Each structure stands twice: as structure tokens, then as C-alpha cells.
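[1] The following block contains a protein sequence and its predicted model.
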Amino acid sequence: MSEKFVVGYDGSDVSKRALDFAVSRAEAQGGSILIVHVLEWSPYSFLTPQEIEERHARRTEELERAEKALMAPLKSTIAAAGVPVETQIKYGHVAKTLCDVAKKEGATQMVIGRDGDGGLSSRVFGSVAGSLVQVAPVPCTIVP
């Protein structure tokens, strides 16, 4: 069975380092990469039909922008290096969504970056890395 690495990616320097790490592992082990970009989205049930339509239009624009600006360039660069690569853009809570994708896609490992912000906000609200290591369905590597 070949390794399948799910990489959480948001375009930040730490997510680029996580992706580089996962690509190097996939090259060494003959594995593949699934890059997942998660957009946080809060559906409000009390919106008017017009507001729902406007939000849907913004959501569609966000998906198109993310595909064009983030995912398409990554996909071509990694594929050119000879590593099989797929991309997905999802809406939801980052840690939960990454776990759902990993389960559904049969991932063998997850890789994310950590920004090192250990401030009050991460202690109060939690961090994606902290949440993910507690609930990940497969081994999770956190790249500093």
C-alpha cells in the first residue's frame, strides 16, 4: 500500500513548509499528496433569502479564487516533480474537515504546519494543530 499524505494548506509559510515535508516523504516512499484548503464558513440559519443568495455568490467566488490562486499552481509544480497530487477545497472547521477528508480518502498520514503562536488566543480558543492531534484518524505530523 502506498502512502497518501493529506496536507492542510492555507498559503502561509508554515503550510508551505508542511507541504515541502510531505512532498519529500511522498517522493521517498512512492506516495501521493492530497492538498486540502479549508475555508472557515459559518452558516447562519436566520438569514433572509437575499442574504443567503449573496453568501452563496461570495462562497462561489471564494472557491474559484482559492482554486486559481492557491491550488492550481501547487498542483502543477508538484506534479512536475513526479509526485501524484490531488487538491480539494472545503468549507468547515479546519481540524474536523481535514479528519473527514483523511478518512474518506484513505490517507495514511496527515501533515500540517504550526505557526508557533502560543499566545492567549490559542490557549483560549485552541489551535488547529492542538485540535488535530487529539482527533486525527491517522498519524499527524506537525511541521514547525
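    Here it is on my side, so go on.

[2] C-alpha only now, for contacts and for neighbours.
    Will do.

[3] Quick check: phi and psi at Lys75.
    phi -60, psi -50 (degrees, to the nearest 10).

[4] which ones are touching the closest residue to it other than its chain neighbours?
    Spatial nearest neighbour of Lys75, excluding adjacent residues (Cα to Cα, 6 or more residues apart in numbering): Val85 at 6.3 Å. Counting by Cα atoms under 8 Å, 6 or more residues apart in numbering, Val85 touches Ser32, Ile33, Leu34, Ile35, Lys75, Ile78, Ala79.

[5] again with Ala107
    If you count contacts by Cα under 8 Å, 6+ apart, then Ala107 has Glu3, Lys4, Phe5, Val6, Val138 around it.

[6] before we move on, what SS does it have?
    coil (DSSP: H, G, I helix; E, B strand; the rest coil).

[7] Quick check: phi and psi on it?
    phi -70, psi 150.

[8] can you pull the pLDDT of it?
    We have a pLDDT of 96 for Ala107.

[9] Which strands and helices lie in contact with the helix or strand that contains Val36?
    Val36 belongs to strand 32-39 when elements are defined using DSSP states H and E. If contacts are counted by 3 or more Cα pairs under 8 Å, 6 or more residues apart in numbering; DSSP states H and E, strand 32-39 sits against strand 4-8, helix 13-29, strand 85-91, helix 94-105.
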